[in-house]
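>>> Here is my input; please provide its structure:
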Amino acid sequence: MDPEAGEVQALAWQLRQLRQGAGNPGYRLLAKRVHFSASTLADAARGERLASLEVVLAYAEACGGDRDEWRARWSAAAKARAAAGTKESGHDDEAGAGEREACPYQGLTVFQAEEAARFFGRSQLVGRLVGRVEQLSFVALFGASGSGKSSLLRAGLLGSIAAHPEAAGRWRILLMTPTAHPIEELSDQLAKLSGADVHRMYEDLSQDPAALDLAIRGAMATDPEECRALLVVDQFEEVFTLCTGEGERARFIEALLDAAHGPGRRTTVVLGVRADFLAHLTQHPGLAEALGDQAQLLVGPVSATDLREIIVGPAAHAGLRVEPELLATVLADAAGEPGALPLVSHALLETWRRRSVNSLTLAGYHASGGVRGAIAQTAERVHDGLSPEQQQIARKIFLRLTALGDGTEDTRRPIVRTELDGVADAPVVAEVLDRLAGARLVVLGDGTVEVAHEALIRAWPRLHRWLTDDRASLLVHRGLTEAAHGWQSSDRDAGALYRGGRLAAARAWVQEHPGNLNELEDAFLAAGNAAEHAEHASARRRTRLLKRLVMGMALLMTLAMVSGFVAMSQRTDARRQQQVTFADQLSLRARNLLATDPALAGRLAVEAYRLHPDTETGGGLLSAAAAPRPVVLNAGGPAVYALAFSPDHSVLASAAVDGTVGLWDPVRGALIATLDGHAGRVMAVAFSGDGNRLASLAIAGTSGSVTVWDTHTHRQVRRLAIDHPAAAMAFSSDGATIAAGTDTGGIALYDLTHPSGAPSATLRSHQHTVLSLAFSSDRQYLVSAAAQESPIVWNTATAAGTTLRGADHVDSVAFEPSGHRLAAGADDRGVYLWLDGDLSAPATSLPLHGSFGWVISAPVNDKIAVADESGTVTLRDLRGVEPPQAFRDRGRVETMAVALSRDGSILASAGWDGGIVLHDLRNKPFGGFDAQVNDVEVSPDGRTIASAGSDGSVRLWDGAGKPVGVLGDQPNGVQAVAFSPDGHLLAAVSRNRTLTIWDTTTRQPVGRPVQIPAVGASTDVAFGPGGRYLAAATLGPYLWDMSHPASPVPVPPKSARLATALAFSPDGRRLLTTSVGGFVNVIDLATGVQADRFDTHQGVVQDLAVSPDGTTLATAGDSRTIKLWDTVTHRQIAVLSGHSAPIQVLAFSPDGRTLASAGDDHTVVTWEVATGRRIVTLTGHTGTVRGLAFTADGALVSGGQDGRIIRWTLDPAAAMTRVCTVVERGLSRDEWAAYLPSLPYRPTCDRVSGVTSR
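Below you'll find the predicted structure:
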């Protein structure tokens, strides 16, 4: 390329020089360092057009360039091009004249009613919605996030009404979103319609739901009779995600239902709801009844025809042309993409910004990042344009604008502008908001701020990492935010302040996360601290008064002695209380460290329990004992590019960016040796077949070298110079030949039996950089990959090369350790396989279900490890027999290497974070799957644990958590499971009301699945004690006679009560069910008649459990309390309080002495049934806990929507021994000084397990 040809060519030439100086890394490698595709980065260096600023900065960052320097270079090129009048499509951050033209695409913002003229592609759906609204008084529009519900309601429904004068005259429109306070928002809308006082309206609605109907009918009293009010509630899911007041939520829903149903009503209600919140709606009986079949309208995936109109229609309306190639590409990219509409709209907005005259071009689309990358590019461009201080403010803003999902995806969280007061200087916050709003990433309303679309939360990797890297910390902060709002709304009532452990935990969090509080939160904590200080001061005043009394009555010896005794007791009590408080704070600190440093957390938990054994410290110790501790090597070390196991898997070699090779013992998790002396970055490592030699490839600029090491002495044996190196190397199993790729497309072969350092042969066929090489185990074949070309298989004896068929875009290849079975990965396609060893045959594909094969391992024992673009490493069975096992070792696009040991027992992964994560595939308890757990049950003999997964599978485990089987693939996820009393059968119900009976011995279905004739989702299933009856809850109790399991006989219930959970009495004579409204129904199984019914006064009851002796019933649910009842008299025995969110599941221990509860607060609590005392609170789950079961040996098993199954030991002594054994040492003196500075040092674990503290 001639750098003198123009400013664009000069900049491209400079980019090429920068990449060459960085060692000519492949574009696939560069793409993994930044969030741009390899083709976009390659286009930037071609010089055909001026790349956008964000692409140039990303290119420079990936090659180690200085961002400020390259920002200046790009600006100079852009100004020079503008001066020359060049009409390229690259654009500056400042919009030009063309930018000020009206863009025909919305990007992430929602279409409003006044923009209906540009709302294309949804005419049929709009017509159906309008028809439902004309016929029914209550309609719900369901759709996934990104399906276009809000635009359909606003520009579709309301826009259609506004466009027809007759319809507009018949409807009075009220449009709202619930926000955190739906009654307040509804009052505002009613006040606008009726002209009434908004405060009076709020009071009326808060007291009487009928006030909504009365206000609307009053406001329309003079309107013609055919006129109706159309109340559109968009984003109705905010009632569950943002509104924390259960009473306000219930009143709001009741008001909507009352306004729509009944004589003389003049209101039609339309809800817009995310589809994953359908289950929440069914928990409200009135909503479940109102939303019959006709009242529900589903927004499905957009068809190709509609999508074509969505793309072309707005452009034609604006007088623009869409290139046919662009149209075809967008249609292909959006096919199968979940929530595609906002992604497409934003990509087209960015393409419009890069338009050529009056045409939208494919080149502009590629420069924008396309459907999958445009949002991330825009967000990254804005983020990169901010100063470091502003970037931190942007992070704080986006975290506050996101509602953290609990079993559902994260959603947007609109906030009032004042919530940002105090997070930084007001002018700086305002500037950042303006920048974000200018890029259409956020929407600024009248005193409000919200993200433009939830697609931003899904599609921007940086935001995704902000939300996941320290999730527990975010939940603590969100709880503090909600508590501060509650304190403010209660006129700063002192009773709403944090106290005790919660205040101490909040203080600890603030110390670890300074600068994150806003003014209200800061005032809330300050008030709590002041209240605590006042309480302590009051105590001190009481003590001083006591001292004065003692001095004044010195002559009265008896009283003096008594007073002295009292003072000593108080001091002793004060010291004891201080120790209790300190122990609890230390335990809380340990819990907070479990996710990031489980070893240190375990040591602190042990010491906290030794200081003072109580409910808090006991729970912390048991939680620490159950915490997973993956083996992580090289933590905090340099980035790792490649991994290789020795043939006997006794050594793991890692190639690091700092020019070193690490040799690790994967069993002990220890570093054996570090091999240094490389020039440049080490890009590849490989062992010889006997494991005596290790080859490493290093690249420094345009030169490279291969070093051969003796693995026993760790000494260098040979060094070979490589010209124009690429990051590709292969070592033959006999240790005689090394193949090294070049960036010119050649493959240099080096004969290690010959003393010469020159290549013994060079293979040439590729036209691009060779990215990967692999020898077959018998050295008969060498396979090479170059991404842009098809892979080639070389016959090493004849040097003849043949193109592999059926595979393209391949950038990595790997042979199995023995034989000719080959795997090839294409990071934008998938994984190709030649499993029969015939390399002349076309490849077969490994289905990855929508993800890409970012990095692959060699096939081993019919297994292959694949790391996808989300960072998940999946172990797949090439035979298709065993289900995939998933491991989330790091974030998006950060996994650079995966490796399987030759015996298939160890999986290793590494990447940009430096950590090398090892998974013991044969011994990890309850591991290897990636699905929410909806239920867990233990077989009657205590030998088998069953878990119900959202992926449609029932997994079977032994008591230690080792997988022993998988039952089926049921659609729509398995919701609940139950063993028969003899353990020979297992019943499973899915959310779509399918009941399957399994034989636990053959692991095959018994008969055909039963479709339950119900309308609601399935929530529970249970066998009766004798095994004759089986019951399921699907918004109603359904009963079967199981005398013949292959053909269950329905037993029609004589009670039509709704049922959300159920349990049989131990004597098998009664079936107990819960129904919405808080009632427990008792059904006599002999007659099928409801024998009794009583109100728990707990609102929605989510679960109930009967003690093994049948004397005690436990109920729990949304009231956050557990109530214990006498099963005969239904007399309330006790109320147990301790959960901070709705309770989802209950379980009695086999001896009936202990009750366990868990739910939405992510904790598991155990209770002493006889006294109602809380024993411990267990933490470790990061999602709602829906499954609980006791094992025969008294342990507790829980399963949650975080995809984890945890086995908890409830014995503190056993937990302490386990922790001290696993963490290998106690607290060091430095750690003691940091966490227990006021106490004299003592060894932590020595007396427990004999380990020493260093």
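
>>> so where's the stretch 851-1000 of the chain uncertain?
Residues of the stretch 851-1000 of the chain that meet the criterion pLDDT under 70 lie in 851-853, 869-871, 881-883, 888, 890-894, 923, 928, 930, 971.

>>> Please repeat the previous calculation with a cut-off of 80.
The model of the stretch 851-1000 of the chain has pLDDT under 80 over residues 851-854, 868-872, 880-894, 913, 921-924, 927-930, 968-972.

>>> Let me see the ranges of the strands in it.
855-856, 863-867, 872-877, 885-888, 895-900, 906-911, 916-920, 933-938, 944-949, 954-958, 963-967, 974-979, 985-990, 994-999 (DSSP state E, counting those that start in this stretch).

>>> I'd like to know how far residue 466 sits from residue 261.
44 Å (CB to CB, to the nearest Å). C-beta here means a position set from N, CA and C on the backbone, and glycine is covered the same way.

>>> Also residue 1194?
Using CB to CB, we find residue 1194 at a distance of 52 Å from residue 261.

>>> do residue 627 as well
Distance of residue 627 to residue 261, given as CB to CB: 51 Å.

>>> out of the two, which sits in the busier spot?
Neighbours were counted for residue 627 and for residue 261 using other CB atoms under 10 Å; residue 627 has more, 21 against 16.

>>> Pop the domain breakdown of this protein in here.
1-88, 122-300, 636-914, 981-1215, 1218-1249 (automatic domain parsing).

>>> Report the buried residues of the shortest one.
Using 16 or more other CB atoms under 10 Å as the test for burial, domain 1218-1249 gives 1218-1220, 1222-1223, 1225-1228, 1231-1232, 1235-1236, 1243-1245, 1248-1249.

>>> ok, now stretch 958-965?
Buried-residue list, stretch 958-965, by 16+ other CB under 10 Å: 959, 961, 963.

>>> Bridge partners for the last one, pull those for me.
Looking back up the chat, that one is residue 963. Beta bridges link residue 963 to residue 957, judged by DSSP bridges.

>>> returning to what we had before: could you dump the buried residues of stretch 958-965 into JSON lines and include distance to residue 429?
Below are those laid out as JSON lines (distance: CB to CB, whole Å):
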{"residue": "959", "distance to residue 429": "55"}
{"residue": "961", "distance to residue 429": "48"}
{"residue": "963", "distance to residue 429": "51"}
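
>>> which of those residues lies closest to residue 475?
Using CB to CB, the shortest approach to residue 475 within the buried residues of stretch 958-965 belongs to residue 961, at 26.3 Å.

>>> So that closest one versus residue 1197, what's the distance?
Taking CB to CB as the measure, residue 961 falls 9 Å from residue 1197.

>>> what do the two both touch?
Taking CB atoms under 8 Å, 6 or more residues apart in numbering as the criterion, residue 961 and residue 1197 both touch 945, 1205, 1207.

>>> My guess is residue 462 contacts residue 384. True?
No: contact criterion CB atoms under 8 Å: residue 462 and residue 384 do not qualify, at 10.3 Å.

>>> in this protein, which residue is closest to the centre?
With distances taken as CA atoms, centre = their mean, the residue of the chain nearest its centroid is residue 468 (6.6 Å).

>>> Which strand or helix spans that one?
Assigned by DSSP states H and E, residue 468 belongs to helix 461-469.

>>> Which element is encountered next along the chain beyond that helix?
Going down the chain from helix 461-469, the next helix or strand is helix 471-489, by DSSP H and E.

>>> chain center to that following helix, what's the gap?
The chain centroid and the centroid of helix 471-489 are separated by 20 Å under CA atoms, centre = their mean, to the nearest Å.

>>> likewise stretch 169-180?
Its chain's C-alpha centre lies 33 Å from the corresponding centre of stretch 169-180 when counted by CA atoms, centre = their mean.

>>> mind checking the end-to-end distance for it?
32 Å (CA to CA, to the nearest Å).

>>> buried stuff in stretch 1082-1090?
Buried residues in stretch 1082-1090 (16+ other CB under 10 Å): 1082-1083, 1085, 1090.

>>> Quick one: residues contacting the nearest residue to residue 411 once chain neighbours are set aside.
With sequence-adjacent residues excluded and distances taken as CB to CB, 6 or more residues apart in numbering, residue 411 is closest to residue 403, at 4.7 Å. The contact partners of residue 403, by CB under 8 Å, 6+ apart, come to 241-242, 410-413.

>>> rerun at 6 Å
Contact analysis of residue 403 by CB atoms under 6 Å, 6 or more residues apart in numbering lists 241, 411, 413.

>>> mind checking how far the residue nearest to residue 8 when sequence neighbours are not counted is from residue 364?
Closest residue to residue 8 apart from its sequence neighbours, by CB to CB, 6+ apart: residue 50 at 4.8 Å. With distances taken as CB to CB, residue 50 is found 12 Å from residue 364.

>>> re the thing from before, export the buried residues of stretch 1082-1090 as JSON lines, with columns for pLDDT.
Output for these, formatted as JSON lines (pLDDT from 0 to 100):
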{"residue": "1082", "pLDDT": "92"}
{"residue": "1083", "pLDDT": "90"}
{"residue": "1085", "pLDDT": "89"}
{"residue": "1090", "pLDDT": "86"}
